[in-house]
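Enquirer: mind looking at a prediction? Sequence and model below.
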Amino acid sequence: MKILIVGTTGMLGYSLFTNLSEHDGYEVFGTVRNILGKEKFFEEYLDNLIFDIDVNDFSRLKFAIETIKPDVVINCIGLIKQHDISKQHINAIEINSLLPHKIAQVCDGISAKLIHFSTDCVFSGKTGKYIEADIPDATDIYGKSKCLGEVNYGKHLTLRTSIIGHELNTSVSLIDWFLTQNNKVNGFSKAVFSGLPTCYIANILIKYILPNKQLNGLFHLSVDPIDKYSLLKLISKVYGKGIEVIKSEHLVIDRSLDSSYLRNKTGLNTIDWPELINYMYADYLKRYCK
């Protein structure tokens with residue numbers, strides 16, 4: 001199976017690209033704008049990178065897809081909530097909303113399947129345990145733009161989820177931000193999360209998603225919910241960080257997703273949180289400590 005990862009230097013893209021590349025059954029390519037400052041992470045993959053791909057010039061990405069002719073395109077491009085750019089309406093709509101549908105259209109032309117990742121942030125977090133039939137009720141531009149970008153037609157697949165993991169040279173995301181702290185941080189015991197480490201998503205793709213060629217539409221991808229306080233405590237323990245996590249009830253939000261639909265369709269089983277964090281830590285030592 002030939003796979004093209006769009007956005008290979010991002011947190012999700014790099015993890016999927018490197019993990020899937022190690023699987024004998026896959027020929028994996030990845031698009032990048034450049035790898036300046038990230039060269040050490042890609043030394044063994046240079047022949048499979050497609051350079052100078054900027055999503056603001058869609059013709060370049062279209063040409064890359066049509067040239068590679070992958071069986072599956074995995075879109076890992078998206079503006080994230082932590083970046084101020086996600087508050088810029090035009091960019092958010094162009095990249096989060098329009099781009100996935102433009103990629104799907106190109107995929108249709110070469111009989112390829114698009115796997116696109118959406119977010120739990122399409123929901124407000126007022127209730128939790130959301131199922132696919134629940135109506136997205138985000139009020140911010142990030143959540144709204146991601147909702148509009150969901151590709152749930154044809155042979156294509158959108159996975160709503162939330163991710164944790166490691167970045168290549170920034171510390172914006174939860175895990176890398178936490179690991180840069182020295183003394184103590186607040187852990188929100190009323191903020192509930194059901195996402196997964198990026199490396200474990202790669203594992204799920206290999207075992208359950210990619211072999212199931214008939215799987216299409218919109219599905220939630222999640223594990224058992226955990227609050228952010230307990231999550232940070234667990235990460236501190238597994239990673240050997242002496243960071244004090246102070247329980248706070250200041251933030252109350254529950255964007256947990258119910259993935260029963262996907263589990264019933266694929267037979268998906270997941271591991272518990274201590275195993276997930278140990279799995280992520282082992283992947284961290286292998287791929288990021290270079």
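Expert: Alright, I've got the coordinates.

Enquirer: A strand includes residue 13, no?
Expert: No: read with DSSP: H, G, I helix; E, B strand; the rest coil, residue 13 is helix and lies in no strand.

Enquirer: burial check on it, number of neighbours?
Expert: 24 (other C-beta atoms under 10 Å). C-betas here are computed from N, CA, C, even on glycine.

Enquirer: which one is it nearest to, not counting chain neighbours?
Expert: residue 76 (3.5 Å; C-beta to C-beta, 6 or more residues apart in numbering).

Enquirer: contacting residues around that neighbour?
Expert: Applying C-beta atoms under 8 Å, 6 or more residues apart in numbering, we find residue 76 in contact with 5, 6, 7, 8, 10, 12, 13, 16, 117.

Enquirer: what's the lowest-mean-pLDDT helix or strand in the chain packed up against?
Expert: For the chain, the helix or strand with the lowest mean confidence is helix 89-92, at a mean of 89 (criterion: mean pLDDT, DSSP states H and E). Contacts defined by 3 or more C-beta pairs under 8 Å, 6 or more residues apart in numbering; DSSP states H and E place helix 89-92 against helix 141-148.

Enquirer: low-confidence ranges, the stretch 1-150 of the chain, go.
Expert: 82-87 (pLDDT under 70).

Enquirer: can you pull out the strands in it?
Expert: With DSSP state E, counting those that start in this stretch, the ranges of strands along the stretch 1-150 of the chain come out as 2-6, 27-31, 49-50, 72-75, 113-119.

Enquirer: turn the ones you listed into JSON lines, columns for distance to residue 191 and mean neighbour count.
Expert: Shown next, in JSON lines, are the strands of the stretch 1-150 of the chain (distance: least, C-beta to C-beta, whole Å; neighbours: other C-beta atoms under 10 Å):
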{"stretch": "strand 2-6", "distance to residue 191": "30", "mean neighbour count": "25"}
{"stretch": "strand 27-31", "distance to residue 191": "33", "mean neighbour count": "23"}
{"stretch": "strand 49-50", "distance to residue 191": "37", "mean neighbour count": "19"}
{"stretch": "strand 72-75", "distance to residue 191": "27", "mean neighbour count": "26"}
{"stretch": "strand 113-119", "distance to residue 191": "15", "mean neighbour count": "25"}
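
Enquirer: for residue 105, find the nearest of the ones you listed.
Expert: Checking the strands of the stretch 1-150 of the chain against residue 105 by C-beta to C-beta gives strand 113-119 as the closest, at 9.4 Å.

Enquirer: hmm, who's touching the closest one?
Expert: 12, 71-76, 78, 100, 103-104, 107, 142-143, 146-147, 149-151, 155-163, 205, 209, 213, 216, 218.

Enquirer: drop anything exposed from these.
Expert: Neighbour-count burial (16 or more other C-beta atoms under 10 Å) applied to the contacts of strand 113-119 gives 12, 71-76, 78, 100, 103-104, 107, 142-143, 146-147, 149-151, 155-163, 205, 209, 216, 218.

Enquirer: buried set for the least confident helix or strand of the chain?
Expert: Those would be 91, 92, for helix 89-92 by 16+ other C-beta under 10 Å.

Enquirer: chain center to that helix: distance?
Expert: 20 Å (C-alpha atoms, centre = their mean, to the nearest Å).

Enquirer: same question, stretch 19-33
Expert: Offset of stretch 19-33 from its chain centre (C-alpha atoms, centre = their mean): 16 Å.

Enquirer: mind listing residues that contact it?
Expert: Against stretch 19-33 from outside (C-beta under 8 Å, 6+ apart): 1-9, 13, 17, 45, 48-54, 61, 64, 68, 70, 199, 202-203, 205-206, 210, 283.
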